[in-house]
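From the sequence below, what's the structure:
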Amino acid sequence: MKFILALTAMLSAMAALAAEPPFKADAAKAQGIVNQTCAACHAVDGNSQLPANPKLAGQFPEYLYKQLTNFKAVAGKKAERDNPVMAGMVANLSPEDMRNLAAYFAGKTAKPGAAKSKDLVALGQRIYRGGIASEGVAACASCHGPNGAGIPAQYPRLSGQHAEYISAQLKAFRSGVRANDLNETMRGVAGRLSDREIEAVADYVAGLR
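Prediction:
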């Protein structure tokens with residue numbers, strides 16, 4: 001039953017986002033901001049070399065825009081996604097700036113990653129493709145796709161992402177430190193995963209292509 005409820009929540013979230021209008025922005029206008037602000041952590045082409053910082057290249061623009069807006073406190077309200085570093089980076093960005101940045105990085109080609117542990121990757125594959133029915137954990141592939149390509153405007157691309165970053169975000173969802181997921185979907189999934197299971201999924205995702 002828990003598995004069915006988890007999957008139903010994900011499908012409901014997909015339906016809610018399916019009708020979003022086409023994303024419009026001017027990627028060329030973002031170049032100056034990328035050079036001055038983003039490149040140091042995420043690289044000019046969005047393929048961060050720092051495991052703690054996510055690769056942005058090839059990510060869906062809608063998802064990138066949402067995250068940028070979630071990092072920003074508005075009208076005295078606390079930011080939906082609490083990150084002091086990113087809060088400073090987006091503080092002076094307009095909605096147009098953020099849309100342009102999202103389009104810029106979405107247009108870059110993502111470089112592949114690689115799994116590191118044969119033992120962990122096997123466990124990660126089982127969870128990613130089949131979930132954990134006994135714990136109500138739906139397969140990651142049901143929302144992020146069998147190859148981690150994601151679903152445009154709905155669920156982010158995961159393939160090739162740094163394992164360290166994926167692990168950190170899953171743990172943040174599990175603890176509730178990160179809470180900007182629609183319908184608490186990721187908090188519900190991550191909350192049922194152990195540290196080892198999180199590390200396994202993260203390692204498997206890093207090698208997806």
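
Please make it C-alpha for all contacts and neighbour counts, starting now.
Fine.

Please name the residues that touch the residue nearest the centre of the chain.
Residue closest to the average C-alpha location in the chain (C-alpha atoms, centre = their mean): residue 156, at 5.0 Å. Shown in contact with residue 156 (C-alpha atoms under 8 Å, 6 or more residues apart in numbering): 59, 60, 63, 144, 149, 150.

Could you chop this protein up by domain?
2-16+113-206, 27-106 (automatic domain parsing).

worst average pLDDT in those?
Mean pLDDT values for these show the minimum at domain 2-16+113-206, a mean of 90.

quick one: the helices in this protein?
Secondary structure of the chain by DSSP state H: the helices cover 2-17, 31-33, 39-42, 61-70, 84-90, 95-106, 118-130, 141-144, 163-175, 185-190, 195-206.

Of all those, which one is nearest residue 23?
Evaluated with C-alpha to C-alpha, the helices of the chain place helix 61-70 nearest to residue 23, the distance being 6.7 Å.

what residues does the closest one touch?
If you take C-alpha under 8 Å, 6+ apart as the criterion, helix 61-70 is touched by 23, 56, 79-81, 90, 95, 98-99, 101-103, 105-106, 152-156, 180.

which among the residues you listed end up buried?
Burial by neighbour count, 16 or more other C-alpha atoms under 10 Å: within the contacts of helix 61-70 this picks out 56, 79-81, 90, 98-99, 101-103, 105-106, 152-156, 180.

end-to-end on stretch 49-63?
In stretch 49-63, first residue to last residue: 21 Å (C-alpha to C-alpha, to the nearest Å).

now it: how far from the chain's centre is it?
Averaging C-alpha positions (C-alpha atoms, centre = their mean, to the nearest Å) puts stretch 49-63 8 Å from its chain's average.

List the buried residues for stretch 127-146?
Those would be 127-129, 131-132, 136-146, for stretch 127-146 by 16+ other C-alpha under 10 Å.

Then stretch 147-164?
147-164.

Stretch 75-95 now?
For stretch 75-95, by 16+ other C-alpha under 10 Å, it's 79, 80, 81, 82, 86, 87, 89, 90, 93.

Next: stretch 61-78.
Of the residues in stretch 61-78, those buried (16+ other C-alpha under 10 Å) are 61, 62, 63, 64, 65, 67, 68, 69, 70, 71, 72, 73.

From one end of it to the other, what's the distance?
Note: stretch 61-78 ends 23 Å apart using C-alpha to C-alpha.

do the same with stretch 24-33
18 Å.

do stretch 67-78 as well
Start-to-end span of stretch 67-78 (C-alpha to C-alpha) is 14 Å.

try stretch 22-30
Across stretch 22-30, first to last residue, C-alpha to C-alpha, it's 19 Å.

Contacts made by it with the rest, please.
Residues from elsewhere that reach stretch 22-30, judged by C-alpha under 8 Å, 6+ apart: 61, 62, 96, 97, 99, 100, 101, 102, 103, 104.

could these go into a markdown table alongside distance to residue 44?
As requested, the contacts of stretch 22-30 are exported to a markdown table (distance: C-alpha to C-alpha, whole Å):
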| residue | distance to residue 44 |
| --- | --- |
| 61 | 16 |
| 62 | 20 |
| 96 | 19 |
| 97 | 16 |
| 99 | 17 |
| 100 | 14 |
| 101 | 11 |
| 102 | 13 |
| 103 | 13 |
| 104 | 10 |
